[in-house]
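Asker: Give me coordinates for this.
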Amino acid sequence: MQQGVRLKALKAAFPHTIPIFAGFWFLALAYGIYMNVSGFSFWYPMLMSLTIFGGSLEFIAVSMLMSPFAPVQTLILTLMIQARHLFYGISMLDKFKGLGWKRPYLIFGMCDESFSINFTADIPEDVDKGWFMFFVTLLNQSYWVSGAAIGGIVGSMLTFNTEGLDFVMTAMFIVIFLEQWLKEKKHYTAFIGVASSIACRLFFGADSFLVPTMICIVALLTAFKKPIEKAGGLV
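Answerer: Below you'll find the model as predicted:
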């Protein structure tokens, strides 16, 4: 009986994750190759994908591992990058109620894509919602972990010049920025982000501007949240 419930939930969840599979595998393969050409064996991207499971953070973690030990800056940067998950978690409190042992994993594995599916999916009435959300999360993580591990293995076999591969992270953030630009009616938040980045880059220098930039963005968005919302500048 329980096996039939799980199988039905898996069949219902899998089609929702197919688009995620395509995107995750491309980025994860690039991440695994990037880790390898940076001097790390395939164990690193595989284990980091299993334990961190934060795409943009994992790319940034490569440079963190190769930089001088700076635990405070690393902690602040990590919190800034992944802070949006706090809001995801609040939104999912009711959906995660009564799910027993599945709940800790659903909290851990809640990436942007899994949150989007689990929050908005129209789950059939005859499908167990807990198992549906569990399999959505598990499948998405398995795509990322397997892609990163394969990328790490393939990276050691590559003979062509992989210089510039780290630009995939920059490209990913550019795509995210452009998607947000297209979603917004007004572009006040984009202007705040760009202006803060330029100002902090000039003031703090290339090696130290990222954390101050994110602090400035959060502070400005918090201070001008109501005017921006009133003007239609937030989705």
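Asker: got the buried residues for the helix ranked longest in the chain?
Answerer: If you go by DSSP state H, the chain has its longest helix at helix 2-37. Applying a neighbour-count criterion of 16 or more other Cβ atoms under 10 Å, one finds 8-10, 12-13, 16-17, 20-21, 24-25, 27-37 buried in helix 2-37. Glycine gets a C-beta too; all of them are placed from N, C-alpha and C.
Asker: neighbours around Pro68, how many?
Answerer: By the criterion of other Cβ atoms under 10 Å, Pro68 has 6 neighbours.
Asker: any idea how far it is from Thr74?
Answerer: Plainly put, Pro68 is 11 Å away from Thr74 if you go by Cβ to Cβ, to the nearest Å.
Asker: Equivalent analysis for Leu27, please.
Answerer: To Thr74, Leu27 is 22 Å away according to Cβ to Cβ.
Asker: before we move on, which element is Ile215 in?
Answerer: helix 210-223 (DSSP states H and E).
Asker: Quick one: distance of stretch 74-92 to the chain centre.
Answerer: Its chain's C-alpha centre and that of stretch 74-92 lie 10 Å apart, by Cα atoms, centre = their mean, to the nearest Å.
Asker: List the contacts of that stretch.
Answerer: Residues outside stretch 74-92 that contact it (Cβ atoms under 8 Å, 6 or more residues apart in numbering): 54, 56-57, 60, 64, 106-107, 110, 112, 115, 118-119, 210-211, 214-215, 218.
Asker: Where strands are concerned, which of the residues you listed count?
Answerer: Here DSSP state E is the test, and these give no hits in strands at all.
Asker: Just the buried ones from those?
Answerer: By neighbour count, with 16+ other Cβ under 10 Å, those hold 54, 57, 60, 106, 110, 112, 115, 118, 210-211, 214 as buried.
Asker: Tell me how many other residues surround Asp94.
Answerer: Counted with other Cβ under 10 Å, residues neighbouring Asp94 total 8.
Asker: err, Ile76, not the other one
Answerer: Residues lying near Ile76 (other Cβ under 10 Å) number 15.
Asker: How about the secondary structure of it?
Answerer: helix (DSSP: H, G, I helix; E, B strand; the rest coil).
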